[in-house]
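Chemist: after the sequence you'll find the predicted model.
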Amino acid sequence: MSLEEIAFLFLAAVALVTAVAALLVRELVHTILWIAIFFVDLSAIYFLLNAPFLGVIQLGVYAGAVTVLLLFGVMVTRKRIFAREAATGIGPIPLALALVTFIFVVSAVAELGQTERPIRSYDPSYLSVNLFQTNGPWLLLLGLIMLASVSGAIYLVREGRE
Amino acid sequence: MTTLILSGFLALSAGLLAISIFGILTRRNFILLLIAIEIGMNAAILNFVYFAAFSGATTGLDGQAIAVVLIGFAATEIAVGLAIVLALNRLKGSINVAQAIELKL
Amino acid sequence: MIDTSFVGPFLPEIVLLAATLLVFLLDVLGVRRLEIAGAIGVVGVGVAFFLVAADLGFSPIAGFATIPSGQINVGGPTGLYAFTSLGLVFQLIFLTAAFLVGLASLSRPTGERGASIFYGLLTLATLGMLLVAIAADLIFLLLAIELTSISTYLLVAYTRKDGRSLEAAMKFYIVGALSTTLSFFGASLLFGAYGTTNLRAIAGMGSAGVPTLVLLGYGFLIAGLAFKVTLVPFHAWAVDVYDGAPTDVSAFLAGGTKKIGLFAFFLVFLGPILAVKASGASTLPFGTGPFNVGPVLQIALAAAAVLTMTVGNVLALLQKEMKRMLAYSSISQAGYMLIGVTVGTAPAIAGATLQIFAHVLMKGGAFLVVAAVAGVGVGPLITDWRGLGTRRPLLGVAFGLMLLSLAGVPLTIGFVSKFVLFSSAVEAQGWFVWLAVAGLLNSALSVFYYARVLKVMFFDVADPMPTTVPLAAAASSARLAFGGIGVGRAAAIALVAVVIVAVGIYPQLLLGPIQSAAQHFVNVGP
């Protein structure tokens, strides 16, 4: 087993464990900590896949901005930050549905076989050409989505009379 | 050149998607719902990055470009969700969702 | 030197964006009057409608066309967007919905706030819908859908101080985000299987690719998009959201934004279905020879169609509240439209398109009437509408027309669209005939609940004292024209009623352009 495979297995295990932990712990602040580890772990996977630029973006946007945003959400919406959530049941149907999804997808992709494939690496400058020229409309659409969300969000949380 | 097995990666994203669906169906706190949604989006983004890395096609780089766009999009989505939560919290003082998605007709 | 030649074809979209930005700019400057924001929004949508109609070549205004005619209906796997005549027809349909809602919302109670955010988000959502109609790339399509979705989450919440609509917005947001996740997951699997996200390229490879990845990808895409189109079993959210949202927004959701999901079905699933037909391959999904995804999709979509129309109709029968009844009826109508995607011939696509246009008018109009009636102090229950047809004959007749059209009574647009749609399924032979049978049986079933409302409105005697609560909104709207309904809303409702009858009597008015557009779509592909 090569070093990369061991690293991947470790990172995948951490990703799954932190994702489950984030949803199951009862203190919301701990949830945020787990999800921060999850985001950092995914960025490590991007580095493993020879996509360093994406890894950096993942660190900046997810591990940085989104985590802080969620933390603010927790702080603003509750009086005591470390208050515990009421325990919520797990429920047999959602668990079954999730398991079925997982088994279904895994059994299907298992047909892809165990062959090892080489990992391609791309020059980040090609990525910028792709983003801003070939597939520029994607970024334009993202900008429009941000226009809608920012204007609407500001309106929703704006205090006072109009 | 490093080589890795594609199906292992797909199993990881399938697991993350399953966790996300489970979370969306069971959690009541809106912040936890947002986190469950983010886990699912990350599974999709991971898929694009794998396929870019393992792709033999000339358009393989598209996968990484899509991943960049989706990371931005997911952050935007979170901002909208938090705005709705804050407005609701100001009005009602609680951000628990009564049965966001009902498993019934 | 920056190349600006690509700007021309996008003039309708640019007009809408300019209207949005102008509304937001005036909001920042402190100009927040309903009349001003509303006028900008309605005029922007109207101008965009005019430009798109010119692009389609309607005779008196064809000179204003901004898309060179050589760029419409061009085949070949290029680019992220493409102008097809079917896409332009859908742009007109979307703009109709936005225009009706914008016009009607001009008559909201004057005391209400948030006019600028309402019209700004309405035009942005419409912009997203127009971009859906020209998409030729899976990611472009999904991002355009998201532009509309995010605008509509916020539109549902725009009243801010109303707990019910905020909760509806929260539910809408969660369901929408789940659907987004599933759609992008499906898109990622298709990208892995085909190495591209171009819809034409994917359709061309319908019989290639890794079967498991392709099937899973399309499966997740069906699930994700089914949330947007409210297919059973992904429909439960729709009733609560349509019920909780401000009624004008419900009209936009049911009449407008739901249709982008259907057009996405056209773009994503008709490609492989048509490709299989063109190559004359066997229609057995797992028959001998290369793997074909088209027939599998047809069977899945047919099952979803029959299930959706049946469950929607049966549950609509049981409802006591008007908005919930209309919401379930809207779910069942999505089932009819899906027949067109399943059959996948040119007449079927034309029938589905006409059905979608008819539904914009009927359902959008019906929700606008509900808003008008709520504005004059009638409660949410169907029995609260007792005697309305005699007290307010014009409003009653308009609503009656919409219901008759929903039921598919001759001389209305609803009859024409159902006739074209079901006869196309019969023409296609094979097991598609059973889809037409299911549709007919369901139409017969739906007559019951529409007729019940008509009976309550026209034949039941009104109470001497209406039992309904006089709302604050009702008090503030008493100053509006037309007995509290308002000029804009009255105009929108009248327009809907006129078009329903006009197309019902003279269907060639719309059928011709739609049929040729559908034929182009079948020839060229998405």
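Modeler: Arrived safely.

Chemist: point me to the residue of chain A nearest chain C.
Modeler: Nearest to chain C, among the residues of chain A, is A:Gly152, at 3.2 Å (C-beta to the nearest C-beta). Heads up, the C-betas are built off the backbone N, CA and C, glycines and all.

Chemist: secondary structure element holding that residue?
Modeler: Element membership for A:Gly152, per DSSP states H and E: helix A:136-157.

Chemist: that older thread, tally of neighbours for the residue of chain A closest to chain C?
Modeler: 26 (other C-beta atoms under 10 Å in any protein chain shown).

Chemist: now do the contacts for it.
Modeler: B:80, B:83, C:117, C:121, C:150-151, C:153-155, C:157-158 (C-beta atoms under 8 Å, 6 or more residues apart in numbering or on different chains).

Chemist: switch to 7 Å and redo it
Modeler: With C-beta atoms under 7 Å, 6 or more residues apart in numbering or on different chains as the criterion, the residues that contact A:Gly152 are B:80, B:83, C:117, C:121, C:154.

Chemist: the last one against C:Leu122, yeah?
Modeler: No: under the criterion of C-beta atoms under 7 Å, C:Leu154 is not in contact with C:Leu122, lying 10.6 Å apart.

Chemist: look up phi and psi at residue 26.
Modeler: If you meant another chain, say so; for now it's chain A. phi -100, psi -10 (degrees, to the nearest 10).

Chemist: which residue is nearest the centroid of chain A?
Modeler: For chain A, the residue nearest the mean C-alpha position is A:Phe39 (5.6 Å; C-alpha atoms, centre = their mean).

Chemist: do you know how far that one is from C:Val249?
Modeler: The spacing between A:Phe39 and C:Val249, counted by C-beta to C-beta, to the nearest Å, is 35 Å.

Chemist: try C:Leu454
Modeler: Distance from C:Leu454 to C:Val249, by C-beta to C-beta: 26 Å.

Chemist: who has more neighbours out of those two?
Modeler: With neighbours defined as other C-beta under 10 Å, C:Leu454 and C:Val249 compare such that C:Val249 has more, 30 against 17.

Chemist: how about the spatially most central residue of chain B, secondary structure?
Modeler: With distances taken as C-alpha atoms, centre = their mean, B:Met41 lies nearest the centre of chain B, 2.0 Å away. Three-state assignment for B:Met41 (DSSP: H, G, I helix; E, B strand; the rest coil): helix.

Chemist: how many residues are close by the residue lying closest to it once chain neighbours are set aside?
Modeler: Leaving aside its sequence neighbours, B:Met41 sits nearest to B:Ala74 (C-beta to C-beta, 6 or more residues apart in numbering or on different chains; 4.4 Å). Using other C-beta under 10 Å, B:Ala74 is surrounded by 23 other residues.

Chemist: distance check, C:Met362 against A:Ala7.
Modeler: Relative to A:Ala7, C:Met362 is positioned 59 Å away (C-beta to C-beta).

Chemist: low-confidence regions, chain A specifically.
Modeler: A:1, A:79-90, A:111, A:113-115, A:159-162 (pLDDT under 70).
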